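Colleague: predicted model follows, preceded by the sequence.
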Amino acid sequence: MSNPPIGRLQNLVAIITGGGSGFGAAMAGAFVREGAQVVIADLDLASAARIAASLGETAALAIRTDVASNADMAALVATALARYGRIDVMVNNAGMSHPNQPMLEVGEAFFDRLFAVNVKSVYLSALHCVPVFRRQGGGSFINIGSTAAVRPRPGLCWYNGTKSAVTQITKSMAVELAPDRIRANAINPAIADTPLLTTFMGAPDTAENRAPFLASIPLGRLCTAEDVAHAAVFLAEPGSNFITGVCLEVDGGRCI
Ligand SMILES: NC(=O)c1ccc[n+]([C@@H]2O[C@H](COP(=O)([O-])OP(=O)(O)OC[C@H]3O[C@@H](n4cnc5c(N)ncnc54)[C@H](O)[C@@H]3O)[C@@H](O)[C@H]2O)c1
């Protein structure tokens with residue numbers, strides 16, 4: 001009798017923020033299918049718990065986390081360690097955007113929250129994960145950026161800025177943390193069919209409103225959550241241990 005196939009992420013433990021929906025939920029599923037154990041951290045505990053339950057009790061744990069909160073991030077990392085004993089991959093995926101709208105219409109409070117959720121979260125993840133990774137002798141960050149960092153669309157000014165910060169921080173983390181064998185990579189997805197789609201379009205989801213976005217992507221379709229999950233598995237697996245500081249477009253050619 002042959003042995004069962006070994007998954008590409010066998011024995012790895014990953015935290016996936018925003019894992020209750022969209023890209024995060026797909027990444028959680030793909031990571032578990034490849035043998036990892038995942039902690040699904042989301043502001044929306046009910047969604048995170050539903051995804052965790054679908055993946056099985058031993059493989060997945062849901063935790064309510066606001067990634068913009070230092071105390072929540074500390075508790076997330078401590079809970080993950082208590083449950084699984086180590087953390088190999090931190091996926092900073094939770095994010096938000098203002099609707100597609102003129103830049104001056106985004107209020108100051110929304111701007112502050114946007115940068116806290118999309119950018120400060122990466123800082124907080126570093127504060128709490130880097131010491132763990134150093135103790136373990138390595139680890140890996142996967143930060144979800146966006147094509148918005150490379151080829152910004154109008155109407156998304158401040159969101160685009162957050163994703164530029166994410167990609168530049170990713171490269172900076174990669175060079176500074178390399179001596180500790182800690183890798184940092186980003187994924188830059190194109191616009192995708194997740195609950196954020198109408199926010200980015202700034203309009204209802206109709207064929208007419210999708211048309212200009214589809215026309216801007218050479219491969220002729222939107223990004224899917226599975227496209228992002230495949231890229232994340234690749235960046236997380238041990239075979240990628242010489243890849244760091246990469247901001248990988250998953251965009252059907254949008255950024256060419
Ligand atoms: N959907 C797209 O078109 C697209 C394209 C490029 C990049 N992105 C980025 O991908 C990431 C995931 O987006 P998605 O499309 O899967 O979105 P989504 O709205 O489907 O999922 C986001 C998840 O993050 C959670 N979340 C939001 N704020 C949080 C917070 N403060 N703390 C913890 N959890 C929080 C939400 O509850 C939700 O479950 C985001 O960073 C987004 O900016 C999305």
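Modeller: That came through, no problem.
Colleague: show me the contact partners of the lengthiest helix in the chain.
Modeller: The residue-count maximum for a helix in the chain (DSSP state H) belongs to helix 157-177. By CB atoms under 8 Å, 6 or more residues apart in numbering, the residues outside helix 157-177 that reach it are 92, 95, 97-98, 103, 106, 111, 114-115, 118-119, 122-123, 126, 130, 133, 141, 143-146, 148-150, 152-153, 182-186, 188, 244-245, 247. Every residue, glycine included, has its C-beta placed from N, CA and C.
Colleague: how about the residues of this structure near the ligand?
Modeller: 17-18, 20-24, 42-44, 47, 65-68, 93-96, 117, 144, 146, 189, 191-192, 194-197, 200 (CB under 6 Å from any ligand atom).
Colleague: recalculate using a threshold of 5 Å.
Modeller: 18, 20-23, 42-44, 66-67, 93-95, 117, 144, 146, 189, 191-192, 194-196 (CB under 5 Å from any ligand atom).
Colleague: next step: the residues you listed restricted to helices.
Modeller: Those of the residues of the chain next to the ligand lying in helices (DSSP H): 22-23.
Colleague: buried subset of the residues of the chain next to the ligand as a ChimeraX selection?
Modeller: A single ChimeraX command selects the buried members of the residues of the chain next to the ligand (16 or more other CB atoms under 10 Å):
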select :18,20,21,22,23,42,43,66,67,93,94,95,117,144,146,189,191,192,194,196
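Colleague: hmm, back to that, buried sites along the longest helix of the chain?
Modeller: 157, 159-167, 169-171, 173-174, 177.
Colleague: where does the prediction get shaky in this protein?
Modeller: 1-2, 4 (pLDDT under 70).
Colleague: spit out the contact partners of whichever residue of the stretch 51-200 of the chain sits closest to the ligand.
Modeller: Nearest residue of the stretch 51-200 of the chain to the ligand, counting by CB to the nearest ligand atom: Gly95, 2.1 Å away. Gly95 makes contact with 18, 117-118, 144, 162, 196, according to CB under 8 Å, 6+ apart.
Colleague: kindly recompute the last result at 10 Å.
Modeller: Residues in contact with Gly95 (CB atoms under 10 Å, 6 or more residues apart in numbering) are 17-18, 22-24, 67, 114, 117-119, 121, 143-146, 159, 162-163, 166, 196.
Colleague: for Tyr123, same thing?
Modeller: Contacts for Tyr123 (CB under 10 Å, 6+ apart) come out as 70, 73, 92, 116, 165, 169, 173.
Colleague: show me where the stretch 101-250 of the chain has strands.
Modeller: Using DSSP state E, counting those that start in this stretch, the strands assigned to the stretch 101-250 of the chain run over residues 139-144, 182-189, 247-250.
Colleague: and the last one, what does it pack onto?
Modeller: For strand 247-250, the helices and strands in contact under the criterion 3 or more CB pairs under 10 Å, 6 or more residues apart in numbering; DSSP states H and E are strand 139-144, helix 157-177, strand 182-189, helix 225-236.
Colleague: now do it: everything it contacts.
Modeller: 23, 142-147, 149-151, 163, 166-168, 170-171, 174, 184-190, 192, 223-224, 227-232, 234-235, 255-256.
Colleague: next one: the longest helix of the chain to chain centre, how far?
Modeller: Taking CA atoms, centre = their mean, to the nearest Å, one finds helix 157-177 lying 13 Å from the centre of the chain it belongs to.
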